[in-house]
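In: here's a sequence, model it:
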Amino acid sequence: MNMNKRYLKVLFLFGSFFYVTTVDAQQCDTQEHICATNRHDCDPFLATCVEGASNADTKTNYHCVCQTGYQGNGKIGNCSDINECANRTGGCSQLCVNTEGSYRCQCRLGFIMEKDNRTCSDINECAQENGGCSQLCVNTKGSYICECTAGFVLSQDSQTCTGKLNSSMNKSSIQ
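Out: Numbering: from 1, shown residues only. So this is what the prediction gives:
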């Protein structure tokens, strides 16, 4: 067996560009754990992964894999960000914000993020200082409203209840 046997390897890229290299058959046939140095010794041109990709060592094969949150082949071109929010809401119960290589969930005003960082729950504004209402506070989904008891009306600030004018006073003030 000839230990110096070499093969000519021609790779065509993007139509007219090509790369020619020689490959030592013995080196490639016996090599294991070929990704340890981020290069595949049998293919020094295409074996280097692009930025954002890492080597996948299968002992008999070599390929580049884009990092989590990115897509592409990892060799030619770039690993590009996956927009997790483009597919529905990325698992978020309300708002999804795409970030480089990942995403995060956000809640609308009047809601708070749960520990799972995906689910938004209504804030009970009435639980703290009666929501600022002078009399009754009614919690609603994402908000609250102030109400007044009989004999009072809600003022323009939508929080303060004032005494209602009696009908005789109301009539006399209009005349």
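
In: helices and strands of the chain: which one bottoms out on pLDDT?
Out: Every helix and strand in the chain was compared by mean pLDDT, DSSP states H and E; the lowest is helix 167-174, with a mean of 31.

In: what about the strands in the chain?
Out: Ranges of strands within the chain are 6-13, 17-24, 53-57, 62-66, 70-71, 80-81, 95-99, 102-106, 111-113, 120-122, 136-140, 143-147, 152-154, 161-163, based on DSSP state E.

In: give the rounded mean pLDDT of the second one.
Out: In this model, strand 17-24 carries a mean pLDDT of 49.

In: before we move on, what about the fifth one?
Out: When pLDDT is averaged over strand 70-71, the result is 83.

In: check what pLDDT the spatially closest residue to residue 108 that is not a sequence neighbour gets.
Out: Leaving out its chain neighbours, the residue that sits closest to residue 108 by Cβ to Cβ, 6 or more residues apart in numbering is residue 94, at 5.4 Å. Just so you know, the C-beta spots here come from the backbone N, C-alpha and C atoms, and that holds for glycine as well. You'll see residue 94 listed with a pLDDT of 95.

In: got the contact list for residue 94?
Out: Residues near residue 94 by Cβ atoms under 8 Å, 6 or more residues apart in numbering: 105, 106, 107, 108, 111, 120.

In: beta partners of the first one?
Out: In this structure, residue 105 bridges to residue 96 when assessed by DSSP bridges.

In: number of nearby residues for it?
Out: Residue 105 has 21 neighbours, counted by other Cβ atoms under 10 Å.

In: that one and residue 141: what is the separation?
Out: Note on residue 105: its distance to residue 141, by Cβ to Cβ, to the nearest Å, is 18 Å.

In: got it, and the second one?
Out: When distances are taken as Cβ to Cβ, residue 106 and residue 141 turn out to be 17 Å apart.

In: where are the low-confidence patches of the chain?
Out: 1-52, 54-62, 73-77, 165-175 (pLDDT under 70).

In: quick one, domains of it?
Out: 33-81, 83-123, 125-163 (the TED database).

In: more neighbours: which of residue 106 and residue 141?
Out: Using other Cβ under 10 Å, the more surrounded residue of residue 106 and residue 141 is residue 106, with 12 against 8.

In: test my guess that the more buried one contacts residue 97.
Out: Yes: contact criterion Cβ atoms under 8 Å: residue 106 and residue 97 qualify, at 5.7 Å.

In: a markdown table for the contacts of residue 94, including distance to residue 163?
Out: Below are the contacts of residue 94 laid out as a markdown table (distance: Cβ to Cβ, whole Å):
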| residue | distance to residue 163 |
| --- | --- |
| 105 | 46 |
| 106 | 43 |
| 107 | 39 |
| 108 | 36 |
| 111 | 35 |
| 120 | 39 |
